[in-house]
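**Student:** Sequence first, predicted model second:
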Amino acid sequence: MEAALAARFPNLRLITHPLVQHKLTLMRRKDLSTSSFRRLLNELSMLMAYEVTRDVGTQLVSIETPLETMLAPMIDGKKLVFLSILRAGTGILDGMLSVVPGARVGHIGLYRDPKTLTAVEYYFKMPHQLEERDVVILDPMLATGNSAVAAIERTRELGPKSMKFVCLLTCPEGLEALNREHPDVPVYTAAVDRELDSHGYILPGLGDAGDRIFGTK
């Protein structure tokens with residue numbers, strides 16, 4: 001199945017680590033409490049951060065060990081930007097920042113029109129000098145793909161060095177939409193679920209991520 005998905009969606013980066021899959025399974029359960037969902041999302045985001053940042057560049061710096069001076073590799077976290085799609089993206093943001101605390105943070109506010117399912121922007125704030133930075137866009141779901149496409153298009157206006165998209169779950173419809181508009185942006189996800197329902201929700205999915213993070217309906 002992984003090979004078929006990779007052939008169909010060349011921009012897909014499926015994270016199949018057993019710990020990632022285990023925690024995602026726990027999060028899918030409808031009887032999970034809000035606090036447990038939030039905790040698991042933080043843990044899962046930290047695990048995914050290792051894969052997302054695997055190709056981040058490093059530079060050698062001089063440090064003092066207890067025994068001698070040496071050159072050792074370090075990443076420049078200030079050149080990495082996590083862009084959270086409000087509101088649910090903040091659930092992934094905390095875990096990512098736990099791993100890369102030096103990263104800058106941007107926010108984009110998008111809501112889905114209930115009739116057309118199109119993304120409507122209401123807020124956008126990014127760090128300066130984006131042309132020198134790698135941007136990682138965060139949203140728990142890549143469903144219709146409309147919010148992801150809108151966030152990428154808005155960010156691309158600022159000329160970032162590179163972009164990635166990170167989500168917990170996606171589906172063929174979302175991947176097709178993003179690949180059609182932005183085939184150069186890789187999608188990092190823990191699962192590709194079966195399909196969308198008529199309301200734009202992923203099936204079998206895990207429900208509305210924002211509601212489950214914040215305890216709202």
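**Tutor:** Perfect, I can see it now. Numbers count the residues shown, from 1 in each chain.

**Student:** quick one: the helices in the chain?
**Tutor:** In the chain, the helices defined using DSSP state H lie at 2-8, 18-28, 34-52, 89-99, 146-156, 172-181, 209-214.

**Student:** State the mean pLDDT of the third one.
**Tutor:** It stands for helix 34-52. Mean pLDDT, computed over helix 34-52, is 95.

**Student:** And for the fifth one?
**Tutor:** Across helix 146-156, the average pLDDT comes to 93.

**Student:** Residue 112: which of the helices of the chain is closest?
**Tutor:** Evaluated over the helices of the chain, closeness to residue 112 peaks at helix 146-156, with 6.7 Å, by Cβ to Cβ. The C-beta positions use only the backbone N, C-alpha and C, and glycine is treated the same way.

**Student:** For that closest one, name the packing helices and strands.
**Tutor:** strand 80-86, strand 104-112, strand 119-125, strand 134-138, strand 162-166, helix 172-181 (3 or more Cβ pairs under 8 Å, 6 or more residues apart in numbering; DSSP states H and E).

**Student:** Mean neighbour count, distance to residue 26 and mean pLDDT for these - can I get that in a markdown table?
**Tutor:** Formatted as a markdown table, these follow (neighbours: other Cβ atoms under 10 Å; distance: least, Cβ to Cβ, whole Å; pLDDT from 0 to 100):
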| stretch | mean neighbour count | distance to residue 26 | mean pLDDT |
| --- | --- | --- | --- |
| strand 80-86 | 23 | 23 | 94 |
| strand 104-112 | 18 | 26 | 90 |
| strand 119-125 | 13 | 29 | 89 |
| strand 134-138 | 24 | 20 | 96 |
| strand 162-166 | 22 | 19 | 96 |
| helix 172-181 | 18 | 23 | 95 |
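
**Student:** okay, now residue 51: neighbour count?
**Tutor:** Residue 51 has 17 neighbours, counted by other Cβ atoms under 10 Å.

**Student:** surely it meets residue 188?
**Tutor:** Yes - taking contacts as Cβ atoms under 8 Å, residue 51 lies within contact range of residue 188: 6.4 Å.

**Student:** Overlap of the contact sets of those two?
**Tutor:** 13, 15 (Cβ atoms under 8 Å, 6 or more residues apart in numbering).
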